[in-house]
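Colleague: Sequence and predicted structure are below.
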Amino acid sequence: MPRPDAAAEDSSRAGGGAQPEVPLRRTGLCALLAATAIRHPARIALVDAADKAAWSGRAPMTWTYGAAAEFVARLGHGLRAWRLPPGSRIGLALPGSTEALVAHLAVEAAGHVPCLLPQAWDAEQLLAGIQAAGISAVLTQARLGPNRPAERLCGVAARYFGLRYLAAFGPDVPDGVINLDEMALDRRSAPVIGDTGGGLVSFAGGDPARPVHRPGDALLAAAAIHLIAARVGPGERVLSLVSPGDLRGLVTGLGAALISGASLETLPVFDGPAFAAALRRPVPTHLVVPGFLEPALAGRPLPETLRTLSVAHRAPCRLTGRSLRPGPGAAIIDVLALDEDLVLSCARGAQDLALTLAEPGRLALPAGLLALRHEPDGRLAYRGQACKAGPLQRGAAPLPEGGEWRPAAYRPSLFAGTATGLTEA
């Protein structure tokens with residue numbers, strides 16, 4: 001298993017020609033958490049937004065690697081006690097708070113596969129997505145602003161008998177729903193790490209009819225690609241405004257933080273003053289924001305502690321009008337998600353995303369990790385470990401090995417040797 005800090009040290013030298021170590025096949029995120037917890041138990045791992053209590057009824061938490069690993073082990077032990085076969089799919093209907101992050105890791109630790117259920121889904125979409133992905137259990141929370149996610153999922157469970165377990169973080173967990181706080185406080189639990197090697201189920205385009213399965217090695221390979229551009233170092237901070245409810249958010253947030261041994265602070269409910277206060281904290285910071293926020297940040301003074309600013313796009317998208325420019329301080333990273341198949345991160349400048357999409361041969365990555373090309377009809381195609389994923393079909397997950405070229409559903413629009421955007425083919 002690669003050392004988390006070693007991955008960060010390699011990625012920080014990427015500009016000099018060195019490439020980060022490709023994660024081993026059976027390394028999961030929970031194993032990376034445990035490895036750093038052994039060596040640096042007091043290092044900060046996960047941080048909640050300061051205003052969390054206002055929309056969740058739960059106090060904000062700051063987790064060290066040691067405390068997070070202990071909590072994940074206990075919660076994972078409780079999940080493993082459920083009568084589910086190894087490798088079962090467990091849904092996560094949680095906002096981007098620390099509960100969502102430790103729940104994701106606990107599902108892995110129990111030997112199961114996390115399934116990301118978008119917060120924007122209504123009851124009908126939840127029912128369709130749970131059925132399509134063959135989800136056997138769902139972890140959620142009792143309150144989310146005026147909404148009651150656990151109560152809504154009780155209605156879903158009454159309509160789909162394949163959903164065998166429903167559990168929630170409090171306060172006010174409804175009757176008939178397992179209390180996750182009580183489960184995790186059971187100190188009789190023995191530490192346990194599952195043997196599935198991680199993995200992930202997410203939904204292409206947020207469509208409940210399009211679940212996509214990705215093995216753990218492909219998830220970590222995708223995060224490693226992001227770290228080549230972002231160069232997050234051990235003990236630094238990833239501050240993310242992007243939800244961890246899809247591949248893009250997971251790669252740039254939890255994946256990047258755990259591989260590098262950094263901390264992750266999330267702001268799942270955007271609040272201007274809270275964001276400004278978080279950004280001012282005196283710690284080297286790697287900020288991740290959705291693409292629509294770029295114009296708002298263009299004229300804003302950024303703190304000297306900012307190391308990188310990652311702007312997350314989703315295809316189809318335009319690449320014109322990008323107003324932020326790399327300076328002597330923070331580097332600007334464009335992060336492009338192609339459905340749930342691929343996340344590509346490129347620093348603005350010589351390796352700019354617009355140049356790479358126009359000339360895929362510019363991509364300076366090991367071919368086994370990720371390679372790009374143009375198809376004869378102009379579409380982008382990709383292959384490699386980082387894009388090894390496939391649709392779930394009737395509960396089965398046939399996966400390509402990553403060696404065959406896969407055409408994307410998008411083609412770059414080219415002008416004067418650069419890509420002005422990606423359009424649907």
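Modeller: Cool, got the structure.

Colleague: Pull the distance from stretch 89-100 to the chain's centre.
Modeller: Put simply, stretch 89-100 sits 11 Å off its chain's centre (C-alpha atoms, centre = their mean, to the nearest Å).

Colleague: What is the end-to-end distance of it?
Modeller: 16 Å (C-alpha to C-alpha, to the nearest Å).

Colleague: List the buried residues of that stretch.
Modeller: Of all the residues in stretch 89-100, those buried under the rule 16 or more other C-beta atoms under 10 Å are R89, I90, G91, L92, A93, L94, P95, G96, S97, T98, E99, A100. To be clear about C-beta, it is placed using only N, CA and C from the backbone, and glycine gets the same treatment.

Colleague: now stretch 44-54
Modeller: For stretch 44-54, the neighbour count (16+ other C-beta under 10 Å) marks I44, A45, L46, V47, D48, A49, K52 as buried.

Colleague: repeat for stretch 315-333
Modeller: Buried positions in stretch 315-333, judged by neighbour count with 16+ other C-beta under 10 Å: A315, L319, R322, L324, A330, A331, I332, I333.

Colleague: now the buried residues of stretch 44-54 as TSV including secondary structure?
Modeller: Shown next, in TSV, are the buried residues of stretch 44-54 (DSSP: H, G, I helix; E, B strand; the rest coil):
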residue	secondary structure
I44	strand
A45	strand
L46	strand
V47	strand
D48	coil
A49	coil
K52	helix
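
Colleague: of all those, which comes closest to P149?
Modeller: Among those, K52 lies closest to P149 (C-beta to C-beta), at 15.2 Å.

Colleague: is it true that that closest one touches P95?
Modeller: No - the pair K52 / P95 is not scored as a contact, 9.3 Å apart, by C-beta atoms under 8 Å.

Colleague: Tell me if I'm right that Q351 and E359 touch.
Modeller: No - assessed by C-beta under 8 Å, Q351 is found out of contact with E359, at 11.0 Å.

Colleague: Neighbour count for the two, which is higher?
Modeller: More neighbours surround Q351 than the other of Q351 and E359, with 18 against 15 (other C-beta atoms under 10 Å).

Colleague: dump the residue contacts of that one.
Modeller: A229, R362, A364 (C-beta atoms under 8 Å, 6 or more residues apart in numbering).

Colleague: cool, and Y65?
Modeller: L33, T36, A37, H40, P41, A42, R43, I44, A45.

Colleague: do that again at 7 Å, thanks
Modeller: Applying C-beta atoms under 7 Å, 6 or more residues apart in numbering to Y65 gives the contacts L33, T36, A37, H40, P41, R43, A45.

Colleague: Quick one: mean pLDDT for the helix or strand containing the first one?
Modeller: Per DSSP states H and E: L33 is located in helix 29-39. Within the predicted structure, the mean pLDDT of helix 29-39 is 94.

Colleague: can you check stretch 89-97 too?
Modeller: For stretch 89-97, the mean pLDDT works out to 93.

Colleague: cool, stretch 140-157 as well?
Modeller: Rounded to a whole number, the mean pLDDT of stretch 140-157 is 92.

Colleague: Tabulate the CA atom coordinates of that stretch in PDB.
Modeller: Output in PDB follows, covering the C-alpha atoms of stretch 140-157 (Å, rounded to 0.1, in the frame of the first residue of the first chain):
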ATOM      1  CA  THR A 140     -28.800   9.400   6.000                       C
ATOM      2  CA  GLN A 141     -29.500  12.000   8.700                       C
ATOM      3  CA  ALA A 142     -32.600  13.200  10.500                       C
ATOM      4  CA  ARG A 143     -32.500  16.900   9.600                       C
ATOM      5  CA  LEU A 144     -31.300  19.000   6.700                       C
ATOM      6  CA  GLY A 145     -32.700  22.500   7.100                       C
ATOM      7  CA  PRO A 146     -36.500  22.200   6.800                       C
ATOM      8  CA  ASN A 147     -36.200  18.800   5.300                       C
ATOM      9  CA  ARG A 148     -36.300  15.400   7.000                       C
ATOM     10  CA  PRO A 149     -34.300  13.000   4.900                       C
ATOM     11  CA  ALA A 150     -34.700  10.000   7.200                       C
ATOM     12  CA  GLU A 151     -38.500  10.400   7.100                       C
ATOM     13  CA  ARG A 152     -38.600  10.600   3.400                       C
ATOM     14  CA  LEU A 153     -36.500   7.500   3.100                       C
ATOM     15  CA  CYS A 154     -38.900   5.600   5.400                       C
ATOM     16  CA  GLY A 155     -41.500   6.200   2.700                       C
ATOM     17  CA  VAL A 156     -39.100   4.800   0.100                       C
ATOM     18  CA  ALA A 157     -38.300   1.800   2.200                       C
END
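
Colleague: That'll do, ta.
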